[in-house]
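# Show me the folded form of this:
(one chain, ligands or ions: 1)
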Amino acid sequence: MFVKVCGITDFCQIDWAVELGFSAIGVVLYPKSKRYVTSDFAKKLSSYAKGKILTVCVSLTYDDMKDCANFFDYVQIYEYRKVKGLIYASSAEPAHRDYEYFMFDASMGKGIFDEDIPDWIYNYREKLIFSGGLDENNVRSVIERIKPFGVDVSSSVEESPGIKSYDKMKRFIEACKNAMTEK
Ligand SMILES: O=C(O)c1ccccc1NCC(=O)[C@H](O)[C@H](O)COP(=O)(O)O
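Have a look, this model is predicted:
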């Protein structure tokens, strides 16, 4: 299963993600985020990660990231744009199908899990990355119930705003792996 850890702000967090078996790291270019990194630093993180793990640059709009988008494997944005490697993120049903993946996300890094999961989401399973308030305790039921292509996490694997925790990342990925193997 595809598991992305978002809001990576340092090289050692990339090493942890690789060692623990995450599929992708996200780097946030939204200036108001507590996980914001500059475009120059985002490029350094991406070139450090290249070949070790998939890389995603994340912001609300493509304009926030356009000068470093080409350094990443995917771009995750909350608007629809015809761009290479699009992960289209929204909490509403997408009007287009022209994306690599659709991320269901109403949280935008706030750690909010909404129990009220819409029925239309099941139509998008094959390319669905489920996100928003996931943690080591609730991810299993999401995987079992929705059977998404992938999941994404940020807040619950942090020890303080913007700083990831190795132990929490480990417990989260283990919960994902257990959900996939212990059926
Ligand atoms: O992480 C942010 O600060 C952020 C800011 C603006 C847009 C998107 C952002 N994050 C996107 C992600 O992929 C998060 O991992 C996703 O929203 C889930 O976050 P969380 O609920 O904290 O696990």
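# quick one: pLDDT of the residue of the chain found nearest the ligand?
For the chain and the ligand, the shortest gap (C-beta to the nearest ligand atom) falls at G109, measuring 2.3 Å. Just so you know, the C-beta spots here come from the backbone N, C-alpha and C atoms, and that holds for glycine as well. Model confidence at G109, given as pLDDT, is 95.
# Which stretches in this structure count as helices?
Taking DSSP state H as the criterion, the chain carries its helices at 11-20, 39-49, 139-146, 166-181.
# Same list, those helices, but as a markdown table with mean neighbour count, mean pLDDT and distance to the ligand please.
Listed next are the helices of the chain as a markdown table, based on neighbours: other C-beta atoms under 10 Å; pLDDT from 0 to 100; distance: least, C-beta to the nearest ligand atom, whole Å:
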| stretch | mean neighbour count | mean pLDDT | distance to the ligand |
| --- | --- | --- | --- |
| helix 11-20 | 17 | 98 | 13 |
| helix 39-49 | 17 | 97 | 13 |
| helix 139-146 | 16 | 94 | 10 |
| helix 166-181 | 17 | 95 | 10 |
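# need those in a markdown table with distance to S154, can you?
Output for these, formatted as a markdown table (distance: least, C-beta to C-beta, whole Å):
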| stretch | distance to S154 |
| --- | --- |
| helix 11-20 | 11 |
| helix 39-49 | 15 |
| helix 139-146 | 13 |
| helix 166-181 | 10 |
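# Nearest to F2, out of those helices?
helix 166-181 (9.6 Å; C-beta to C-beta).
# what helices or strands is the closest one leaning on?
strand 2-5, helix 11-20, helix 139-146 (3 or more C-beta pairs under 8 Å, 6 or more residues apart in numbering; DSSP states H and E).
# redo that, cut-off 10 Å
For helix 166-181, the elements it packs on are strand 2-5, helix 11-20, helix 139-146, strand 150-153, strand 158-160, judged by 3 or more C-beta pairs under 10 Å, 6 or more residues apart in numbering; DSSP states H and E.
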